[in-house]
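*Asks:* could you look at this predicted model? Sequence included:
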Amino acid sequence: MENVSPARALARRSRQLLQLAFVVIAGGVFVGVTGLALYVVPLAVPGNSIFPFYSFMRGMMLYGGVIVALIGLGLAVRSYFTRVDNDLAQRTALYLNQHLDNRYWFVRNVNKSDVGYIDAVLVGPPGVLIFRIVDNEGSFRNERADWLQENRRAEWLPARIDPTRDCVVDVKAMREHLARNELGSPPVFGVVVFTKDPALVRIAVKDPTVPVSHLSTLIDTLRDNYLAREDRIDDKTVLDIVDLIYDR
């Protein structure tokens, strides 16, 4: 199985965004300080014919510079929080690599403007598989798309996670993305994977909307759905989908 990630490209974009942020902040500070200096040491006084224009321009420089600097700060924050890679997806890839051959491609950390963030996508002859990877511990119940979690008082309450609905959203977005890029309607599946040891996370499932699995039993779970057929799409379509997801 080929295990790839756009992480290097994401890291490059993050560095470029950070560099742009510093330039914007520096420009905003320079313009703002210049505007402030024109208040401290005025070059025109009230009554002068150019004072109205002068007053307008120094105000624009001061407040405009502050706004530009804040925009730069926002860009810096965005670059800081840009995900570069996903360790949970990497662990999942290492597991699947023991079971799948080189006809399969596992793309980690997919982040596209018209798709959103997806933990990982597996592409192979059976189609496209969207992963929602969870690292939580505890006891969970999943019925269709609903999730409950047991608290310390043995009460079942709505869980703070919602991986099934998240996965359904990702599946829909990927189908639309493939269609927009003239790749037809290849089958797109979804799966929710818990990476913790089964001793740390217990799951009771009833009529799940999306298959749910421990990482340690993932291949068995997939044999009942995604891997049930290995002839849904041809090799060329597999590579075309990978190229699209990977932005190659």
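*Replies:* Right, received. Where do you want to start? Since the model is a prediction, treat every value here as computed from it, not as a measurement.
*Asks:* and the closest residue to residue 225 other than its chain neighbours, how far from residue 226?
*Replies:* Spatial nearest neighbour of residue 225, excluding adjacent residues (Cβ to Cβ, 6 or more residues apart in numbering): residue 211 at 5.6 Å. C-beta: built from backbone N, CA, C; applies to glycine. Residue 211 is 8 Å from residue 226, where distance means Cβ to Cβ, to the nearest Å.
*Asks:* tell me which element residue 42 falls in.
*Replies:* Residue 42 belongs to no helix or strand when assigned by DSSP states H and E.
*Asks:* phi, psi for it please.
*Replies:* phi -70, psi 140 (degrees, to the nearest 10).
*Asks:* tell me how many other residues crowd it.
*Replies:* 14 (other Cβ atoms under 10 Å).
*Asks:* before we move on, what about the one 5 residues further on?
*Replies:* Applying other Cβ under 10 Å, we find 6 residues neighbouring residue 47.
*Asks:* A helix includes it, no?
*Replies:* No. Counting by DSSP: H, G, I helix; E, B strand; the rest coil, residue 47 falls outside a helix, being coil.
*Asks:* ok so, going back, can you list residues touching both of residue 211 and residue 226?
*Replies:* residue 191 (Cβ atoms under 8 Å, 6 or more residues apart in numbering).
*Asks:* tell me which residue is most central in the protein.
*Replies:* Centroid check for the chain by Cα atoms, centre = their mean gives residue 117 as the closest residue, at 2.3 Å.
*Asks:* how close does that residue get to residue 162?
*Replies:* 15 Å.
*Asks:* so residue 101, which state does it fall into?
*Replies:* coil.
*Asks:* oh, that last question was meant for residue 239, not what I typed.
*Replies:* Going by three-state DSSP: residue 239 is helix.
*Asks:* in the sheet, which strands lie alongside the strand or helix carrying residue 3, parallel or antiparallel?
*Replies:* If you go by DSSP H and E, residue 3 is part of strand 2-4. Paired with strand 2-4 in the same sheet, following DSSP bridges, are strand 105-112 (parallel).
*Asks:* buried residues, the strand it pairs with. List them.
*Replies:* Residues 105-111 are the ones in strand 105-112 that count as buried (16 or more other Cβ atoms under 10 Å).
*Asks:* let me know the closest of the residues you listed to residue 26.
*Replies:* Among the buried residues of strand 105-112, residue 111 lies closest to residue 26 (Cβ to Cβ), at 28.0 Å.
*Asks:* thought the closest one was touching residue 121?
*Replies:* No. The criterion here is Cβ atoms under 8 Å, and residue 111 misses it with residue 121 at 11.3 Å.
*Asks:* let me see the contact set for the residue in the chain sticking out farthest from the centre.
*Replies:* Outermost residue of the chain with respect to the C-alpha centroid, by Cα atoms, centre = their mean, is residue 47; its distance is 58.0 Å. Under the criterion of Cβ under 8 Å, 6+ apart, residue 47 has no contact partners.
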